[in-house]
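J.: Just the structure for this:
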Amino acid sequence: MMKKLYYAAVAAAMVAVMLLAPGCMMTEIVTSMQAEGDATFMFSDSGTLYRWGDGSTFGGEDTYAALPFTDVPGAIDFAFGDGFAVWLTSDGVAVSGAADMLPVDTTDTTDTTGTTDTGTVPPTLLCTLNSTGLESSFEHYSLVDADLSTARQVAAGDDFALVLLQDGSVYGFGANAGALLTDGAADGVVALGALSDACAQNGEETVAQITARGGLCAAVTSEGRLLYWGEDLPLASAAPAVLVQAESTGEFIVALDAEGSVWQFDIVKGEATKLSSPANVISLSAGDGFAVAVDKDGQVWSWGVNDSMQLGRETGEADAVPAMVEGVDGAIAVSCGRAHSVVLRKDGTLWVWGAGESGQLASVVDASAEPIKLPEISTRVDVR
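T.: Reported below is the predicted structural model:
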């Protein structure tokens, strides 16, 4: 027995030496992921954020290989609009991209260094929204009476962004979103008072989650109600069940209730339909005109438009009926970009399918109906 213990100890010591050797290769573990626009992001256990795909919204280049993303320090959550991005960071909220989409006054086109503003905020001049104004070398970037340092979620449509604060209040900036923002482009951040008024009618109800895509927005309240609005769509509410999450596809809204059932809202007819499948859903996400869900058995379901094979089906035809995505199982979470999806499996691997022309599938293919495994990231660690 002592001899066996001795050999076991020696073997363990040899493994430890190999792992601790200078220059040892270590595989980073995925902690979460997010698809946004035409890009795919991965958070690792080292605290590093990696990206594949389009980089235009933050001044980067397209990439087919994983690159560490350091342009926005402390990024936790993010949402991409048309030509701009809004970032939730450990310090609050930041924005980047086309200046005409940001809450800024662009009458002055020269920064403090004497450089002419080209209309785009470079990632090195990322603007942070807080109570003291926009932190940038451009003096004309100013904030209108808002403190977003307690933000907990961000969302973005084509030409506007929404920010949810810890107290349940919602702010926005950009173009008019169903008359809940200012007419035309906003020169600052404005409070969406209509949401607060709608909640106030129901006691101490507040907004718990927000979503936006295209020109269609929605919010789930602390009481499980759905509030939705959009371009030429006045604020309305629905409460077919106790809802815990809503996702906008830009064309329709899908929501998850406390029992794991998915509801689909026809915003034109104002009707809510409970889908017969999938059931027992644990993760729900939506892209432009399509939705993807993961059930408790790890199966992935998709429905909606399919012009980039974002449903995981090669036909290219839209399908309003949810069907399982072949080629991936054991899933625990899903996130959808504009026209692609990324799934996290319980074994820690990431799988992607759909549009890939910008490199978001970590492949040179323009699109794939078959789920593709993203390469695992290994880093060399020198412990000396």
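J.: Show me the strands in the stretch 1-150 of the chain, by range?
T.: For the stretch 1-150 of the chain, the strands defined by DSSP state E, counting those that start in this stretch occupy 24-27, 30-36, 39-44, 49-53, 63-68, 75-80, 84-89, 92-98, 120-121, 127-130, 133-135.
J.: Now do the third one against strand 63-68, angle only.
T.: With axes from the mean of the first three to the mean of the last three CA atoms, to 10 degrees as the criterion, the two stretches strand 39-44 and strand 63-68 enclose an angle of 30 degrees.
J.: Name every strand pairing with strand 39-44 and say which way it goes.
T.: Neighbouring strands of strand 39-44 in its sheet, by DSSP bridges, are strand 30-36 (antiparallel), strand 49-53 (antiparallel).
J.: and these, which is most packed in?
T.: strand 49-53 (a mean of 25; mean count of other CB atoms under 10 Å). To be clear about C-beta, it is placed using only N, CA and C from the backbone, and glycine gets the same treatment.
J.: Straight-line length of stretch 344-357, end to end?
T.: Taking CA to CA, to the nearest Å, stretch 344-357 runs 21 Å from one end to the other.
J.: In it, which residues are buried?
T.: 344-345, 350-357 (16 or more other CB atoms under 10 Å).
J.: farthest pair in those?
T.: Farthest-apart pair in the buried residues of stretch 344-357 is 345 and 357; separation 24.8 Å (CB to CB).
J.: Tell me the secondary structure at residue 360.
T.: Under DSSP: H, G, I helix; E, B strand; the rest coil, residue 360 falls in the coil class.
J.: picking that back up, output the buried residues of stretch 344-357 in JSON lines, with pLDDT and distance to residue 257 appended to each entry.
T.: As requested, the buried residues of stretch 344-357 are arranged in JSON lines below (pLDDT from 0 to 100; distance: CB to CB, whole Å):
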{"residue": "344", "pLDDT": "97", "distance to residue 257": "23"}
{"residue": "345", "pLDDT": "97", "distance to residue 257": "25"}
{"residue": "350", "pLDDT": "97", "distance to residue 257": "28"}
{"residue": "351", "pLDDT": "98", "distance to residue 257": "27"}
{"residue": "352", "pLDDT": "98", "distance to residue 257": "28"}
{"residue": "353", "pLDDT": "98", "distance to residue 257": "27"}
{"residue": "354", "pLDDT": "98", "distance to residue 257": "27"}
{"residue": "355", "pLDDT": "97", "distance to residue 257": "30"}
{"residue": "356", "pLDDT": "97", "distance to residue 257": "33"}
{"residue": "357", "pLDDT": "96", "distance to residue 257": "36"}
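J.: Cool, thanks, talk later.
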